[in-house]
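Enquirer: Attaching a predicted model along with its sequence, questions to come.
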Amino acid sequence: MTLTQTPAFGIFRSTALVVGNMVGTSIFLLPSVLASYGSMSLFGWLITSIGAIFLALTFANLSRRFPQSGGPYIYSRLVFGDFVGFQMAWTYWIANWVSNAAVAVAFVNFLSYFWPALMTTPTYSFLLSIGTLWILTGINALSLRQVGNIQVLTTTLKLFPLIAIIIFGFFKIDRANFSPLLSDSKNMFFTIQQAAALTLFSFMGLESATIPAEQVQNPRKTIPRATVWGTLIAAFIYILSNFVVFGVVPSSKLAGACSPFSQVSEALFGSWAGPIIAAAAAFSCFGTLNGWILIQGQIPMAAARDGLFPASFAKVSRKGIPVFGLIFSSLLITLLLAMNYEVGLVEQFKFIVNLTTFAILLPYLYSSAAELLLLLQENKNTEQIKFSKAMLVPIIGIIYAMWTITGAGTEVVFLGSLFLFSSLPVYVWMKANQSSKIRV
């Protein structure tokens, strides 16, 4: 494909895409979910951050090898073949647009702080959510440069109040608020593992810069830097902000709270800070939705080029934008919103975490395994395989992904398996329509 303009994403837009796609809805909601486990759940953030950094290093290495649009899908297919690549693309794409539906709902819920009728009139909230969805879909279909500009702006606006809470909150921390360390009937290992599985949802998006690779300037240098720096920035914000939240507000008040950061900001600065946090949360959702709409067109485009998705998904505009994939995915989001627009934010959030956790882990697991296999093949001589320090990065990524799966729970594995199995008839249909025949 030959693009008619300079790639839209440089280092700043690429990094903003990574940070903006990660620091979204969950940062403003997870403290209230984790509070029920006790302050020991903070170690879940630490472990997840470490695991995410090793995953980011894995994606950085893979993006240098394969600077093509599709990210995890490309890595999985080129190393393990069409079937594994299709499984990755299918589950990731579905989880992508399902999550976008939840982000659109969250955006409207945060705006209800300023317009309470959005909470009491489902029709208003539905119209605003789909209106926002289609405005951003239109921007994504017309100009990737504007998509990048929106990411830079919204990322800045969402990070500023979070950084202010971190800085001023350290002077208001009370050790007593960290009690209890563990909730009743839960052991330390179980608590940390469960917290790690929940916090993984917040790191979904660390691979974002790898997916629109052909729209990135100097991808072999820009993508690795944006991936690693974006993950480090998000990890820094996550760990410190949650530490401050638990230290300023007692766990008993955090558990089940709809806006834990509003509680903290009001405790630190007074009641006037509430609207600022509400606005920051709305900007956060808006930027996250903008970035993930970009992704929802790129993954099926990459798969369609290889004959694994319908050919319509591979069609691009003169600017290299997969317009059909964007519109089709947003139509599915609209249908999902129409069926579930009366569901509240917290319940929607919990459902999406359960629905997408397995789909998050799948590309991370496959990509880490792909990098390890490539390294093993490169270090193999005629007699034996030589292990190198570089192999530690994908090995830790694999261990982390598997460990998190075991802590995610049976419901997550069940829903994830349904995602995976649902791909089989589609894959069979696509392969049957290809010209080549299976030889017996």
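Expert: The structure has been received and is ready for your questions.
Enquirer: just for the stretch 151-300 of the chain, where's the confidence low?
Expert: 180, 182-187, 255-258 (pLDDT under 70).
Enquirer: Kindly export stretch 109-124 (C-alpha atoms) in CSV.
Expert: Presented in CSV, the C-alpha positions along stretch 109-124 are these (Å, rounded to 0.1, in the frame of the first residue of the first chain):
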residue,chain,number,x,y,z
ASN,A,109,-22.1,8.7,33.1
PHE,A,110,-19.3,11.0,34.0
LEU,A,111,-21.0,13.8,32.1
SER,A,112,-24.1,13.2,34.2
TYR,A,113,-22.2,15.1,37.0
PHE,A,114,-23.0,18.2,35.0
TRP,A,115,-26.3,17.1,33.5
PRO,A,116,-28.1,14.9,36.0
ALA,A,117,-30.9,14.1,33.5
LEU,A,118,-28.5,11.7,31.8
MET,A,119,-28.9,9.4,34.8
THR,A,120,-32.6,9.5,34.9
THR,A,121,-33.5,9.5,31.2
PRO,A,122,-32.0,6.5,29.4
THR,A,123,-33.0,8.0,26.0
TYR,A,124,-30.8,11.1,26.6
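Enquirer: now for the host helix or strand of Q296, which elements pack on it?
Expert: Under the criterion of DSSP states H and E, Q296 resides in helix 273-305. For helix 273-305, the elements it packs on are helix 11-22, helix 26-34, helix 72-80, helix 82-111, helix 122-142, helix 144-169, helix 260-269, helix 323-340, judged by 3 or more C-beta pairs under 8 Å, 6 or more residues apart in numbering; DSSP states H and E. Where C-beta positions appear, they are placed from N, C-alpha and C, glycine not excepted.
Enquirer: just those: most buried one?
Expert: Among these, judged by mean count of other C-beta atoms under 10 Å, the one packed with the most neighbours on average is helix 11-22 (a mean of 26).
Enquirer: relative to helix 273-305, how tilted is that helix?
Expert: 100 degrees (axes from the mean of the first three to the mean of the last three C-alpha atoms, to 10 degrees).
Enquirer: Quick one: distance of helix 11-22 to the chain centre.
Expert: The chain centre lies 12 Å from the centre of helix 11-22; the measure is C-alpha atoms, centre = their mean, to the nearest Å.
Enquirer: hang on, the earlier thing: only the buried residues of the helix holding Q296, if you could.
Expert: Using 16 or more other C-beta atoms under 10 Å as the test for burial, helix 273-305 gives 273-274, 277-305.
Enquirer: I'd say T404 and I360 touch.
Expert: No. The pair T404 / I360 is not scored as a contact, 9.0 Å apart, by C-beta atoms under 8 Å.
Enquirer: and for these two, which residues touch both?
Expert: When contacts are counted by C-beta atoms under 8 Å, 6 or more residues apart in numbering, the set common to T404 and I360 consists of L200.
Enquirer: I figured F43 was touching F189, is that so?
Expert: No. F43 sits out of contact with F189 when judged by C-beta under 8 Å, with a separation of 10.4 Å.
Enquirer: Those two: who's more crowded?
Expert: Using other C-beta atoms under 10 Å, the more surrounded residue of F43 and F189 is F43, with 16 against 9.
Enquirer: What distance do you get for the more buried one to D306?
Expert: F43 sits 41 Å away from D306 when distances are taken as C-beta to C-beta, to the nearest Å.
Enquirer: Which positions within stretch 390-407 qualify as buried?
Expert: M391, V393, P394, I395, I396, G397, I398, Y400, A401, T404, I405, G407.
Enquirer: Just give the nearest non-adjacent residue to the fifth one, would you?
Expert: Think I396. F54 (4.5 Å; C-beta to C-beta, 6 or more residues apart in numbering).
Enquirer: tell me the secondary structure for the one you found?
Expert: Reduced to three states with DSSP: H, G, I helix; E, B strand; the rest coil, the structure at F54 is helix.
Enquirer: how close does it sit to F421?
Expert: Separation of F54 from F421 (C-beta to C-beta) stands at 29 Å.
Enquirer: Which one of these two is surrounded by more residues?
Expert: Higher neighbour count among F54 and F421: F54, with 21 against 10, using other C-beta under 10 Å.
Enquirer: how about the more buried one, what does it touch?
Expert: Going by C-beta under 8 Å, 6+ apart, F54 touches V393, I396, G397, Y400.
Enquirer: In helices, which of the residues you listed appear?
Expert: Cross-referencing those against helices under DSSP state H gives V393, I396, G397, Y400.
Enquirer: between those residues, which is nearest S417?
Expert: Within the set of the ones in helices among the contacts of F54, Y400 lies nearest S417; the separation is 20.4 Å, counting by C-beta to C-beta.
Enquirer: How about residues contacting stretch 194-202?
Expert: With C-beta under 8 Å, 6+ apart as the test, stretch 194-202 has contacts from 22-24, 26-27, 30, 33-34, 37, 40-45, 47-48, 51-52, 234, 238, 352-353, 356-357, 360-361, 403-404, 407-409, 412.
Enquirer: If you could redo that for stretch 286-293, that was the one I meant.
Expert: Residues outside stretch 286-293 that contact it (C-beta under 8 Å, 6+ apart) are 17, 20-21, 23-25, 96, 99-100, 103-104, 107, 132-133, 136-137, 139-140, 147, 150-151, 153-155, 157-158, 205, 208, 326, 329-330.
Enquirer: Stretch 411-425 too?
Expert: The contact list for stretch 411-425 (C-beta under 8 Å, 6+ apart) reads 86-87, 90-91, 94-95, 197, 354-355, 357-359, 361-362, 405.
Enquirer: same thing but at 10 Å, please
Expert: Stretch 411-425 is touched from outside by 83, 86-95, 98, 197, 308, 351, 353-362, 404-406, 408-409, with contacts defined as C-beta atoms under 10 Å, 6 or more residues apart in numbering.
Enquirer: can you pull the buried residues of it?
Expert: When neighbours are counted by 16+ other C-beta under 10 Å, the buried residues of stretch 411-425 are found to be V412, L415, G416, F419, L420, S423.
Enquirer: if I look at the last one, how far off is L362?
Expert: Counting by C-beta to C-beta, the gap between S423 and L362 amounts to 11 Å.
Enquirer: okay, and the common contacts of the two?
Expert: Shared between the contact lists of S423 and L362 (criterion: C-beta under 10 Å, 6+ apart) are residues Q87, M88, W90, T91.
Enquirer: Adding distance to S112 and pLDDT, write the residues you listed out as CSV.
Expert: Shown next, in CSV, are the shared contacts of S423 and L362 (distance: C-beta to C-beta, whole Å; pLDDT from 0 to 100):
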residue, distance to S112, pLDDT
Q87, 38, 87
M88, 36, 86
W90, 34, 88
T91, 32, 84
